[in-house]
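[1] Predicted coordinates and the sequence they were generated for:
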Amino acid sequence: MTAAALDVPVVDGIPFARAGRDDLRDEVRGLLAAGEVDRARVALLADADDWWDQPPPPPEQLARVPAAATLREAMDLLGMGRVADYFAHRWSDPTHLAGLALLQQHWPGARPVVDVACGIGAHLRELARRGCTDLLGVDVVWAKLWLARRFVCPTARYVCADLTAVPDLRVPAPAYVLCHDAFYFVRDKPAAAAAMTALAGVGGTVVVGHAHVADPAGEPLAPERYAAVLGAGLLYDDEELTAALLAGRAPRPADPAALRASEAIALVAGDPRSPAPADLAEPLGPLRPNPLYRDGVLTWPSPRYAAEYGPRSGYLPARWPDPLPPDAARRRLLVDLPEDW
């Protein structure tokens, strides 16, 4: 896949092919033609998804993003607010652990991976660090892809595009298509499912993690409807996935009817693949103390974060243990943060 093949403007190696942004795309093209790369970048950094309810920071603030020394500094300059809290602490939250359990049980192996709605690339980073080499991240927010490429997983390729209007990404089939903690936000789920199935190709795999059922965020479906839309034959409860990873065992699938009371579920369609050869519950080094602990006390970054993840993070003790238990890394007391976190 090349920028020329997509016929869209490219800034910092990231093509901008998002649907419904024709004016912005034309503006960026014009700025690039005039040699105004910095202004083109600022224009793209100001673009957000349709669920975001905050205005973009002023251009002079966005212009300082490339000079940011850390992921957190860059997110602060981008005005990401509550989303920055989630991204900064993704490496120990129960949703991320559930995603790792899903990858553990259904590993892509040497197949190409497309991470749809990849955000800042936390799962892509895990895949890259575990030996996967053909990685592509797709998201509608160009700024998130910029963060992923700069701070989290620079070895992956990225395209800013809508799943249901994605250009030809020239992904070899069969592929492994992943969508974690995002599918419930998609309004036209049948079209999105069809697009992911087409990307995976004959014999491919589609994996959807943390799809809300009971949680009102986004536009959730009942488990049976998710399964029907995706053509999924394997379903898991999200809490079961997190518990399985922490316990070092395989997660137990469940029937859709048994998942109606779940907060969120995961689904696998197509070739289920085999388990990963390594234990994804054990983070790779170098490890650092979980930054959620301040002066030895577990401290949530915001009341919103605490309400969502606090009750589901019982593996994190209220106070920093001394000495550390043998399973400190598995329980994410110790984490493998990006180098420039």
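    In hand now; what should we look at? Residues are numbered from 1 along each chain as shown.
[2] would you list every one of the strands in the stretch 1-150 of the chain?
    Listed in chain order, the strands found in the stretch 1-150 of the chain under DSSP state E, counting those that start in this stretch are 10-11, 14-15, 113-116, 135-139.
[3] Could you export these as TSV, including mean pLDDT and mean neighbour count?
    The way it works is simple: take the backbone N, C-alpha and C, and place the C-beta from them, glycine included. Shown next, in TSV, are the strands of the stretch 1-150 of the chain (pLDDT from 0 to 100; neighbours: other Cβ atoms under 10 Å):
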stretch	mean pLDDT	mean neighbour count
strand 10-11	98	20
strand 14-15	98	24
strand 113-116	98	27
strand 135-139	98	24
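[4] Indicate which one of those is closest to Gly35.
    Evaluated over the strands of the stretch 1-150 of the chain, closeness to Gly35 peaks at strand 10-11, with 12.5 Å, by Cβ to Cβ.
[5] Report how many residues lie close to Pro58.
    Using other Cβ atoms under 10 Å, Pro58 is surrounded by 11 other residues.
[6] and it, how far is that from Arg64?
    Distance from Pro58 to Arg64, counting by Cβ to Cβ, to the nearest Å: 10 Å.
[7] related to what we said a few turns ago, out of the strands of the stretch 1-150 of the chain, which comes closest to Leu267?
    Across those, closest to Leu267 is strand 113-116 (Cβ to Cβ), at 13.6 Å.
[8] So which elements touch the closest one?
    Identification of packing neighbours for strand 113-116 by 3 or more Cβ pairs under 8 Å, 6 or more residues apart in numbering; DSSP states H and E yields helix 122-129, strand 135-139, strand 176-180, helix 189-200.
[9] Distance to Arg304 added to these, as a markdown table?
    Listed next are those as a markdown table, based on distance: least, Cβ to Cβ, whole Å:
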| stretch | distance to Arg304 |
| --- | --- |
| helix 122-129 | 19 |
| strand 135-139 | 22 |
| strand 176-180 | 20 |
| helix 189-200 | 26 |
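[10] May I have the distance across stretch 115-131, first residue to last?
    By Cα to Cα, to the nearest Å, the extent of stretch 115-131 from end to end equals 16 Å.
[11] no wait, stretch 70-81
    16 Å.
[12] Could you list the buried residues of it?
    Across stretch 70-81, burial judged by 16 or more other Cβ atoms under 10 Å covers Leu71, Arg72, Ala74, Met75, Asp76, Leu77, Leu78, Gly79, Met80.
[13] can you check stretch 261-275 too?
    So, applying 16+ other Cβ under 10 Å, buried residues of stretch 261-275: Ser262, Glu263, Ala264, Ile265, Ala266, Leu267, Val268, Ala269, Gly270, Asp271, Arg273.
[14] same question, stretch 249-262
    Under 16+ other Cβ under 10 Å, the buried positions of stretch 249-262 are Pro251, Pro253, Ala254, Pro256, Leu259, Ser262.
[15] Which parts of this structure are helices?
    3-6, 22-33, 37-45, 59-62, 71-77, 81-88, 94-105, 122-129, 142-147, 189-200, 223-230, 238-247, 303-309 (DSSP state H).
[16] Mean pLDDT lowest where, among those?
    Least confidently modelled of the helices of the chain is helix 3-6, at a mean of 52 by mean pLDDT.
[17] Measure how buried Tyr176 is and give me the count.
    The tally of other residues near Tyr176 (other Cβ under 10 Å) stands at 29.
[18] now swap in Phe151 and tell me
    Residues lying near Phe151 (other Cβ under 10 Å) number 24.
[19] Same list (the buried residues of stretch 261-275) but as TSV, adding distance to Pro108 and pLDDT.
    Converted to TSV, these look like this (distance: Cβ to Cβ, whole Å; pLDDT from 0 to 100):
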residue	distance to Pro108	pLDDT
Ser262	25	94
Glu263	26	93
Ala264	22	95
Ile265	20	97
Ala266	15	98
Leu267	16	98
Val268	12	98
Ala269	14	98
Gly270	12	98
Asp271	10	98
Arg273	7	98
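[20] how's the chain carved up into domains?
    The record's domain parsing of the chain by automatic domain parsing lists 3-80, 90-270, 288-335.
[21] Quick check: closest non-adjacent residue to the residue sitting nearest the centre point of the chain.
    Centroid-nearest residue in the chain: Cys118, 3.7 Å away (criterion: Cα atoms, centre = their mean). The shortest distance from Cys118 to any non-neighbouring residue, by Cβ to Cβ, 6 or more residues apart in numbering, is to Gly137 (3.6 Å).
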